[in-house]
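Engineer: Dropping a prediction and its sequence here:
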Amino acid sequence: MNAGTIGEDALIRRLAKLLPGRADVVAGIGDDCAVVRTGRRDAFDLLLKSDPVIEGVHFTQTAPAEAIGHKALGRVLSDIAAMGGEPLWGLIDLVAPASVPVKRLEGIYRGLATLARRQGVAIVGGDTSRGKTLEIHVFAVGRIPRGRAVLRSGGKPGDVLYVTGSLGGSGQERHLRFEPRLAEGQWLAAGKWATAMMDVSDGLATDLRRLTAACGTGAVIEAARIPISTVAKRLKDRRTPLEHALSDGEDFELLFTVSLRKAAAFETAWRRQFRLACNRIGELTEKSGRLELETRGIRRVLKVRGYEHFT
Ligand SMILES: [Mg+2]
């Protein structure tokens, strides 16, 4: 068994067993961010998140430098958004071969800085190292009013499932241009709308499986309600647009649940607040661990898989 055959979630579970915790950790490994509490009377909980982007894995050699920087920070901010938090500070570890032109690195940092500035994030440090490939590792700290972080685990059977924006086709440069849904995430947490939330980074099918696993529920989603991106609709390959929407990954949209009794009020409030689409795609069910896809009234077990990091 190696990192490729065990599967990402199983690998993380195994490694996590080796690691120590502390009493002030509100939510540790397994959510979009860690949630920690530093003092008994603090008004805010802190959100911690780090993520690497690596040439040949998360971007190609020909990807525009600024877009790489945008993506590197954007991925981390998307996870802070998924808790309902406000990002504050970032650290960058840059790994690069000696042959990388300084101009390219400046481009990457310019792209990163533009997003940081727009979201009010200060970049306060980090480190650099020589390495075989170009890698940008971003660590960020955010905050959220104490006790208000929206975890993946808060959903109950009957809660309605929503997803922002549209899904699929991320391979066609969409993965370099996304906007982390910070305003939306903060609004969902502040209004106590969302019972559970995460961002869609590895494809709806995979990430929904993670959300339902955390909630201890199952889910049913309706094929006709899944918002498929224009890019995914135009792709001409062996997979249908729906399959792309279910499995492509790197959409960086928010996937969340709202209790059924609040759903109608939520939809009205959302439309008043945002122009961004928010689609009701299904609901959580009592059948723990079972994901179903409903097509023209017929429910089938959902088999489509998303992005696997080690394969
Ligand atoms: Mg995430």
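Structural biologist: Alright, I've got the coordinates.

Engineer: Give me the helices and strands touching whichever strand or helix holds Leu105, please.
Structural biologist: Following DSSP states H and E, one finds Leu105 within helix 102-118. Contacts of helix 102-118 with other secondary structure elements, assessed using 3 or more C-beta pairs under 8 Å, 6 or more residues apart in numbering; DSSP states H and E, are made with helix 65-81, strand 86-96, strand 122-130, strand 135-145. All C-beta atoms are positioned from the backbone trio N, CA, C, and that covers glycine.

Engineer: Please name whichever of the ones you listed is nearest to Asp251.
Structural biologist: Asp251 lies closest to helix 65-81 among the helices and strands packed on helix 102-118, at 9.5 Å (C-beta to C-beta).

Engineer: near the ion, which residues of this structure show up?
Structural biologist: In this structure, the chain approaches the ion at residues 32, 79, 199, 201, judged by C-beta under 5 Å from the ion.

Engineer: Packed most tightly, which of the helices and strands packed on helix 102-118 would that be?
Structural biologist: Burial among these, expressed as mean neighbours by mean count of other C-beta atoms under 10 Å, is greatest for helix 65-81, which shows a mean of 26.

Engineer: between it and helix 102-118, how many degrees?
Structural biologist: An angle of 30 degrees separates the directions of helix 65-81 and helix 102-118 when computed by axes from the mean of the first three to the mean of the last three C-alpha atoms, to 10 degrees.

Engineer: CA atoms only for helix 65-81, dumped as CSV, please.
Structural biologist: The C-alpha atoms that make up helix 65-81 are tabulated as CSV, following Å, rounded to 0.1, in the frame of the first residue of the first chain:
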residue,chain,number,x,y,z
ALA,A,65,2.3,34.0,-13.4
GLU,A,66,-0.3,36.3,-11.9
ALA,A,67,-3.0,33.6,-12.1
ILE,A,68,-0.7,31.2,-10.2
GLY,A,69,-0.3,33.7,-7.4
HIS,A,70,-4.1,34.3,-7.4
LYS,A,71,-4.8,30.6,-7.2
ALA,A,72,-2.2,30.0,-4.4
LEU,A,73,-3.8,32.5,-2.1
GLY,A,74,-7.4,31.9,-3.4
ARG,A,75,-7.4,28.3,-2.4
VAL,A,76,-6.7,29.1,1.2
LEU,A,77,-9.1,32.0,1.3
SER,A,78,-11.8,29.7,-0.1
ASP,A,79,-11.3,27.4,2.9
ILE,A,80,-11.6,30.4,5.3
ALA,A,81,-14.8,31.4,3.4
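
Engineer: Report all helices and strands that that helix contacts.
Structural biologist: Taking 3+ C-beta pairs under 8 Å, 6+ apart as contact, the helices and strands that helix 65-81 lies on are strand 44-54, strand 86-96, helix 102-118, strand 135-145, helix 175-177, helix 182-190, strand 194-200.

Engineer: Just send the ones you listed back as CSV, with mean pLDDT too.
Structural biologist: Below are those laid out as CSV (pLDDT from 0 to 100):
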stretch, mean pLDDT
strand 44-54, 97
strand 86-96, 98
helix 102-118, 98
strand 135-145, 98
helix 175-177, 86
helix 182-190, 98
strand 194-200, 98
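
Engineer: Quick one: closest of these to Glu243.
Structural biologist: Checked against C-beta to C-beta, the stretch from those lying closest is strand 194-200, at 15.0 Å.

Engineer: Give me the angle between the helix or strand just after that closest one and strand 194-200.
Structural biologist: Past strand 194-200, further along toward the C-terminus, the next helix or strand under DSSP H and E is helix 204-215. Taking the same axes, to 10 degrees, one finds helix 204-215 and strand 194-200 inclined to each other by 140 degrees.

Engineer: elements contacting helix 204-215?
Structural biologist: strand 194-200, strand 218-222, helix 241-247, strand 253-258, strand 291-295.

Engineer: could I have the first one exported to PDB, CA atoms only?
Structural biologist: As requested, the backbone C-alpha atoms of strand 194-200 are provided in PDB (Å, rounded to 0.1, in the frame of the first residue of the first chain):
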ATOM      1  CA  ALA A 194     -25.800  27.500   7.100                       C
ATOM      2  CA  THR A 195     -25.900  24.400   9.300                       C
ATOM      3  CA  ALA A 196     -22.900  22.800   7.600                       C
ATOM      4  CA  MET A 197     -20.500  24.200   5.000                       C
ATOM      5  CA  MET A 198     -17.400  23.400   2.900                       C
ATOM      6  CA  ASP A 199     -15.900  24.600  -0.400                       C
ATOM      7  CA  VAL A 200     -16.000  22.400  -3.500                       C
END
